[in-house]
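# give me a model of this one.
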Amino acid sequence: MSLRIVVCVKYVPDATGDRHFTDDLTVDRDDVDGLLSELDEYAVEQALQIADEADDAEITVLTVGPEDAKDALRKALSMGADKAVHVEDDDLHGTDVMGTSLVLAKAIEKTGYDLVIAGMASTDGTMGVLPAILAERLGVPQVTLLSEVSVEDGTVKGRRDGDTASEQLEASLPAVVSVTDQSGEARYPSFKGIMAAKKKPVESLDLDDLDIEAEEVGLEGAWTKVDEAAERPARTAGTIVKDEGEGGKQLAAFLAERKFV
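Model (predicted):
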């Protein structure tokens, strides 16, 4: 029986670009380029490695986002995933992690799965809680923040590295895992992979397909909200301390004035 792997990926604003907010205090995604979240590339890579070791495996990449989010799916497909699912709906605008986890859970159940793999966090929200919430919604075990992961005989195993120790963890399938940026460098898509990705299937779903009401997601259904946002102040010129014998005292006074010491 084929091992069904679903990898959750996210289309995020480029962290090197300037981000701004719209009138409803959500990120203006039209104002900055987007891309596949770097931390999700590690999840795709681990799915590919697991599939390489399995007798028979199929990898589906799944994302929730606007039309441009297909770019993230195409990147994952060009790395080697087999097919993709894109959930897009205007009512998803402003959805927080609770709504996103609901949509992902419904889409995963509809797609069918044995193993769900996610990155350790998204590079825009950086909350890191979605895999745990997703596992709860699906009613399956979670094994998160893994630096190493493998699947054998219906069991997913992995190593979680902490500050003072490493843990060896395992869970029976089906399960949800998340992997860290220490799990192994993600491969670069080859030209052959990029061309092949154009022919791989991308299924489109909306809230009606998932039996989700608009009130459960979006800004209206969000459990969190942004009350206020302000532009980051422009950088000011630094202070230059000229050492003419009193440099140390001037530096100490500068730090003390700003309560750094």
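# how about residue 224: what's its closest non-neighbour residue?
Computed as C-beta to C-beta, 6 or more residues apart in numbering, the closest residue to residue 224 that is not its neighbour in sequence is residue 96, at 5.0 Å. In this view, the C-beta of every residue, glycine as well, is placed from N, C-alpha and C.
# ok, the one you found touching residue 226?
No: contact criterion C-beta atoms under 8 Å: residue 96 and residue 226 do not qualify, at 10.1 Å.
# who's more crowded, these two?
Legend: neighbour count by other C-beta atoms under 10 Å for residue 96 and residue 226, higher for residue 96 (17 against 13).
# helix, strand, or coil at residue 60?
Assigned with DSSP: H, G, I helix; E, B strand; the rest coil, residue 60 falls in the strand class.
# repeat for residue 167
strand.
# tell me the bridge partners for it.
residue 160 (DSSP bridges).
# do residue 179 as well
With DSSP bridges as the rule, residue 179 is bridged to residue 119, residue 146.
# what sits against it?
42, 43, 46, 117, 118, 119, 120, 145, 146, 147, 149, 158 (C-beta atoms under 8 Å, 6 or more residues apart in numbering).
# okay, the second one and residue 103: tell me how far apart.
The reference is to residue 43. For residue 43, the distance to residue 103 (C-beta to C-beta, to the nearest Å) stands at 18 Å.
# neighbour count: these two, which is higher?
Just comparing residue 43 and residue 103: by other C-beta under 10 Å the higher neighbour count belongs to residue 43, 29 against 21.
# the more buried one touches residue 117, doesn't it?
Yes: between residue 43 and residue 117 there is a contact at 4.7 Å, judged by C-beta under 8 Å.
# pull up the overlap in contacts between these two.
Both residue 43 and residue 117 are in contact with 7, 8, 178, 179, where contact means C-beta under 8 Å, 6+ apart.
# narrow these to those that are buried.
7, 8, 178, 179 (16 or more other C-beta atoms under 10 Å).
# what sits closest to residue 124 if chain neighbours are left out?
Nearest residue to residue 124, sequence neighbours excluded (C-beta to C-beta, 6+ apart): residue 12, at 4.3 Å.
# can you verify my assumption that residue 200 contacts residue 84?
Yes: at 6.9 Å, residue 200 counts as touching residue 84 under the criterion of C-beta under 8 Å.
# list residues touching both of those two?
residue 77.
# looking at these two, which has the bigger crowd around it?
Neighbour count, other C-beta under 10 Å: between residue 200 and residue 84, residue 84 has more, with 24 against 17.
# list the contacts for that one?
Contact analysis of residue 84 by C-beta under 8 Å, 6+ apart lists 60-63, 70, 73-74, 76-77, 200-203.
# now, which of the residues you listed lie within strands?
Counted as lying in strands by DSSP state E, out of these, are 60, 61, 62, 63, 202, 203.
# can I get those in CSV including pLDDT and distance to residue 112?
Below are those laid out as CSV (pLDDT from 0 to 100; distance: C-beta to C-beta, whole Å):
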residue, pLDDT, distance to residue 112
60, 98, 9
61, 98, 14
62, 98, 12
63, 97, 17
202, 96, 17
203, 97, 12
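# most neighbours among those residues, which one is it?
Among the ones in strands among the contacts of residue 84, residue 61 has the most neighbours (other C-beta under 10 Å), with 30 neighbours.
# need the residues that contact stretch 128-145.
Residues outside stretch 128-145 that contact it (C-beta under 8 Å, 6+ apart): 8, 97-98, 100-102, 104-105, 108-109, 116, 118, 120-122, 149, 156, 158, 160, 169-172, 174-180.
# just checking, residue 111 touches residue 6?
Yes: between residue 111 and residue 6 there is a contact under C-beta under 8 Å: 6.1 Å.
# what about those two, which has more around it?
Between residue 111 and residue 6, counted using other C-beta under 10 Å, residue 6 has the larger neighbour count: 25 against 16.
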